[in-house]
Each structure stands twice: as C-alpha cells, then as structure tokens.
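J.: dropping a prediction and its sequence here:
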Amino acid sequence: MSVTLSIGIMSKEAYQKRTLSIARGTYKRTATEPKVWLISLDSLAKLLSPKNKTLLEFIRDRRPQSIQELAEMTGRNKGNISRTLRRMRNYGMVDLQKKERGALVPEVKFDRIQIEYGLESPEAA
C-alpha cells in the first residue's frame, strides 16, 4: 500500500497569515491540504537533500532498531543523524519510538512525497 506525505510551500508571510486565521477560527483546514508546510523551496531542498533522502530510504527499507544502528548502517555521525531525525520528526516525516533502555527507533510511514507549491501572493493566502 502506497502512503503519500503531502508537503506545501508558502512564503513566511502567507504562513503567518494562515496561522493567525487558524488561531482566530476563520480558516478551516481541508482534508486534502498538506500537513507539512515549509516557507521556501530552499527549505525543502535542505530537508530532502540526497543524504537525507538516503537516510529515509535506509529507515524504510532496513528498519534499524536504534539511531546508533542507523549511524552504523549509513556511516554517518550519530549526533548529526539524531539532529536530522528530530527536525524531520518536527515536520511529521519520521516517528521516533522510545524502546527499552531509551533507544529511539526511527520509522518512516510514507513511500512517496507530493509537493504543493502555489504561485499566489501572501495577500491571497
């Protein structure tokens, strides 16, 4: 079964305006709009860099049982991976499940990413 993560990109100004509308109760989210929002294509490029895409693939395909095991599999520094995974968790891209002895087990729950990028001005958002 294919699961798609939807990521939207809007300007910082439009995002702030949308957030205030949600807080005031004047904006209703739709079921089809992205759950993850970034403020620029540059932010998306950093989040989904080739190294990070490979990291997501390792997690999905090899199912490491700890961040340490993932670091050993990828040859990357455990601290760097930990920071990257926490950032991805903040965006809803990975889950970090705490297991016995405090080990965090990363999990990716999607296999596709869909990007929504509108051309409207911040005033229209």
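T.: In hand now; what should we look at? Numbering: from 1, shown residues only.

J.: helix/strand/coil for residue 82?
T.: helix (DSSP: H, G, I helix; E, B strand; the rest coil).

J.: brain fart, residue 44
T.: Residue 44 carries the three-state label helix when classified by three-state DSSP.

J.: hang on, it packs against residue 38?
T.: Yes: between residue 44 and residue 38 there is a contact under Cβ atoms under 8 Å: 5.2 Å. Placement of C-beta: from N, CA and C, glycine included.

J.: ok, these two, which is more surrounded?
T.: Taking residue 44 and residue 38 together and counting by other Cβ atoms under 10 Å, residue 38 has the greater number of neighbours (22 against 18).

J.: mind listing the residues bridging to that one?
T.: residue 9 (DSSP bridges).

J.: could you pull up the mean pLDDT of stretch 76-88?
T.: Per-residue pLDDT values over stretch 76-88 give a mean of 95.

J.: in it, what counts as buried?
T.: Neighbour counts over stretch 76-88 (16 or more other Cβ atoms under 10 Å) mark 76, 81-82, 84-85, 88 as buried.

J.: which of these lies closest to residue 18?
T.: Lowest distance from residue 18 to the buried residues of stretch 76-88 (Cβ to Cβ) belongs to residue 88, with 22.0 Å.
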